[in-house]
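let me see the structure of the following:
(one chain, ligands or ions: 1)
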Amino acid sequence: MKNLDIHRPLGLRRVINANGTMTYLGASSVVPAAIEAMCAILPEFVEMDALQAKASRAIATACGSEAGFVTSSCASGIVLAVAAAMTGPDLAAIERLPNAGGLKNEVLILAGHQVHYGAPIEQAIALAGARAMPVGQSTFARRHQLEGAIGARTACALYVVSHHAAQYGMLPLDEFAAVCHARGVPVIVDAASEYDLRGFLAQGADVVLYSAQKFLGGPTAGIVAGPKALIRSAYLQNLGIGRCMKVGKEGIAGTIAALQAWATRDHAAVRQRETEHLALWQSALEQRPGVSTAIEPDPTGNPLDRLKLTVDPAKALITAWDLADALERGEPAVSVRDHEVEHGYFFLDPCNLRGDQAQVVARRLNEELERALLAPAIIATSLEQRRQRRFDALSRWPD
Ligand SMILES: *Cc1c(COP(=O)(O)O)cnc(C)c1O
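Model prediction:
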């Protein structure tokens, strides 16, 4: 396939992604098989229900579920799965949503799972016409709290597997699901960026949701997997609130291809390349004053390590966040994983790099660290200013 330069005609900067599969960076680099499938289907007419039935088979094979379908995003998957638990296959109720009159409309969610993935998860629940009912506290959840929260209005429970969620004090999924199932409450698992396609259903999830555009390297889309009746009820929501979350034929075909490519991917070779990137960065930074590095495993157990780069501003003469910003402003822009940067560190994620980008990242780090050592004063923006700058930029958009 021709590699057309899309940045120049659009006047966009080139970005090296050492951050992760971030929506605001265009998620992942889509795998060639998915690109080919999308290009092939785009000029054609197809019967969409039949295409989604093929997706159901592909998802069933990949996830070990009975059925599945593709929607526009994992966030949409939350809305549609919650709606399915409320309406079942009742088309009149489906058309009435988000008016939930007469329907069970409470969704249990552990307080430590109330994540913000670019938007608040409670809002996805609310879009279906339901209400999030938090269970337990931010880092504390016990069986009795979940049992006590289940009532006559409980439609379903939502469980989140993510680095965004509290990583301790939570109920494990199998226990969470057992408590819910004892009272007939279906369990939806948001596993948007987890590599494990089968484990959550095996631990008792009824419906599991993934983003196609994250680790799978598919197009921007959401995967909904589960038992046939519940999946059909979720699919039928496309005649109601799901219309606003429409996925195109290319999204469906691309997701099928990405799932198939995932099954045959040489995961060991990918891991090996990522390990080499980490080693390259670590050795490139070895002699740097005020910079220490450590290899850290992914917090939710995905088979992925990242390099944690801690910056001591007294010796490096720059803060971790100013270093991150300098990399982002550079040419090419290098985006690093900085959501914990107030602690004085950020991560370099190797899983979205191509070609010689790991070397470019190493060179850019050294350039900016060298520049800081030569600067007349410590480069230290206040965190408040930095947050404000990002907010200001959005409030000026599109200018
Ligand atoms: C990314 C993410 C989402 C949203 O997925 P989209 O496909 O971008 O809608 C939802 N939940 C979690 C935990 C995520 O990481």
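
which bits of the chain sit near the ligand?
23, 73-75, 115, 117, 160, 162, 164, 190, 192-193, 211, 222 (Cβ under 6 Å from any ligand atom). No exception for glycine: its C-beta is placed from N, CA and C like everyone else's.

out of those, list just those in helices.
74-75 (DSSP state H).

in strands, which of the residues of the chain next to the ligand fall?
Judged by DSSP state E, the residues of the chain next to the ligand include 160, 190, 211, 222 as members of strands.

pull the most distant pair out of those.
Val160 and Gly222 (14.6 Å; Cβ to Cβ).

can you tell me the residue of the stretch 251-399 of the chain closest to the ligand?
Among the residues of the stretch 251-399 of the chain, Thr300 lies closest to the ligand, at 9.4 Å counting by Cβ to the nearest ligand atom.

is it fair to say that residue lies in a helix?
No - going by DSSP: H, G, I helix; E, B strand; the rest coil, the assignment for Thr300 is coil, not a helix.

can you pull the contacts of it?
161-163, 167, 194 (Cβ atoms under 8 Å, 6 or more residues apart in numbering).

of the residues you listed - the most surrounded one?
Val161 (25 neighbours; other Cβ atoms under 10 Å).

hmm, Ile188 and that residue touching each other?
No - proximity of Val161 to Ile188 does not meet the contact threshold set by Cβ atoms under 8 Å, at 11.4 Å.

in the chain, which ranges drop under the pLDDT threshold?
Scanning the chain with the threshold set as pLDDT under 70 gives 1-3.

for Leu317, see how far away the residue lying farthest from the centre of it is.
What lies farthest from the middle of the chain is Pro376; by Cα atoms, centre = their mean that is 40.6 Å. Going from Pro376 to Leu317 by Cβ to Cβ, to the nearest Å gives 10 Å.

so in terms of bridging, what pairs with Val187?
Val187 has the following beta-bridge partners by DSSP bridges: Ala157.

next, count neighbours for it.
Neighbour count of Val187, defined by other Cβ under 10 Å: 25.

my guess is it meets Tyr159, correct?
Yes - contact criterion Cβ under 8 Å: Val187 and Tyr159 qualify, at 6.0 Å.

what sits in contact with each of the two?
Counting by Cβ under 8 Å, 6+ apart, the residues touching both Val187 and Tyr159 are 173, 176-177, 205.

in helices only, show me those.
Per DSSP H, these map to helices at 173, 176-177.

ok, those vs the ligand, which is closest?
Using Cβ to the nearest ligand atom, those come closest to the ligand at Leu173, 13.8 Å.

pretty sure that closest one contacts Phe200?
Yes - counting by Cβ under 8 Å, Leu173 does reach Phe200; the two are 6.4 Å apart.

between these two, which contacts overlap?
Contacts common to Leu173 and Phe200, judged by Cβ under 8 Å, 6+ apart, are 161, 189.

quick one: which of these two has more around it?
Phe200 (25 against 19).

element containing that one, please.
Element membership for Phe200 (DSSP states H and E) is helix 199-202.
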